[in-house]
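*Asks:* could you look at this predicted model? Sequence included:
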Amino acid sequence: MDRDSGIVHTVKATAANVHDIAMTSELMHGEEETLNGDSGYLGAEKRKDAKVRNKSGKKIRYEINRRPSQMRKLSKSGQYKAKKRESNMSSEL
């Protein structure tokens, strides 16, 4: 989905056994500066098919939400800050 307009620009249908992260690079159009995703996309930037730069040559920033189990390991104040950050990132999706 385009962040500014809110319009979906790419849709891919796959079998149920294909993980979301496997389709990440195919869903990108090449003009992204930031890629936001839920915890299902953790490690997307580390895959060999990952796009690290957009068409302009600018590095793409991957902003992926943490898993709930990762948040429980933080201190109480850390959990509060992390939940607030996750909520802000999710509302941008």
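*Replies:* It's in.
*Asks:* please count neighbours and contacts with C-alpha atoms only from this point.
*Replies:* Noted.
*Asks:* how much space separates the residue nearest to the spatial centre of the chain from residue 61?
*Replies:* Central residue of the chain (Cα atoms, centre = their mean): residue 37, 2.5 Å from the mean position. To residue 61, residue 37 is 11 Å away according to Cα to Cα, to the nearest Å.
*Asks:* returning to what we had before: quick check: nearest residue in space to the residue nearest to the centre of the chain, chain neighbours excluded?
*Replies:* Nearest in space to residue 37, with sequence neighbours left out and distances taken as Cα to Cα, 6 or more residues apart in numbering, is residue 64 at 4.8 Å.
*Asks:* residues touching that neighbour, list them.
*Replies:* Counting by Cα atoms under 8 Å, 6 or more residues apart in numbering, residue 64 touches 35-39, 41-42.
*Asks:* the residue nearest to the centre of the chain contacts residue 67, doesn't it?
*Replies:* No: Residue 37 is beyond contact range of residue 67, at 11.6 Å (criterion: Cα atoms under 8 Å).
*Asks:* quick check: neighbours shared by those two?
*Replies:* What both residue 37 and residue 67 touch, as defined by Cα under 8 Å, 6+ apart, is an empty set.
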